[in-house]
Structures are given as structure tokens and as C-alpha cells.
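*Asks:* Show me how the following folds:
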Amino acid sequence: MARLKELEDENRRLKKMYAEERLKSEIIQEAMQKSGKAVSTARDGTTHGCH
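*Replies:* Numbers count the residues shown, from 1 in each chain. The predicted model follows:
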């Protein structure tokens, strides 16, 4: 039974780690999308200004 408890604890820890990494990934992706939109908007403004 002690081994089962150890495995359950490890499983819980790994699930928490996975959830945290998944959240970090989502935050990074969202930031990159916002950054990309800001860059493309600036480029569009510059391009239109040159014509």
C-alpha cells in the first residue's frame, strides 16, 4: 500500500507540472500572437505611409 501511495503522489505531482507547463505555453503563444499583430500593424502603417 505504501508503494501505491508513492505512485499516486508522483502522479499528482506530474499532473501539476504538466498543467503548469501547459499554462506557460499558452501564455507564451498568446504573447507571440499579440506581438506578431503589433509588428504587422506597424509594418502596414509604414508601408502605407511610403506610398
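
*Asks:* mind showing which ranges of this structure have poor pLDDT?
*Replies:* Low-confidence regions of the chain, defined by pLDDT under 70, span residues 38-51.

*Asks:* For it, which segments are assigned as helices?
*Replies:* For the chain, applying DSSP state H gives helices covering 2-50.

*Asks:* how close does Ala2 sit to Leu14?
*Replies:* Distance of Ala2 to Leu14, given as CB to CB, to the nearest Å: 19 Å. For glycine as for every other residue, the C-beta is placed from the backbone atoms N, C-alpha and C.

*Asks:* So for these two, which residue has more residues nearby?
*Replies:* Leu14 (10 against 6; other CB atoms under 10 Å).

*Asks:* mind listing what that one touches?
*Replies:* Neighbouring residues of Leu14 by CB atoms under 8 Å, 6 or more residues apart in numbering: there are none.

*Asks:* any idea how far it is from Leu7?
*Replies:* Taken as CB to CB, the span from Leu14 to Leu7 is 10 Å.

*Asks:* ditto for Lys15
*Replies:* Distance from Lys15 to Leu7, by CB to CB: 12 Å.

*Asks:* now do Arg13
*Replies:* Using CB to CB, we find Arg13 at a distance of 11 Å from Leu7.
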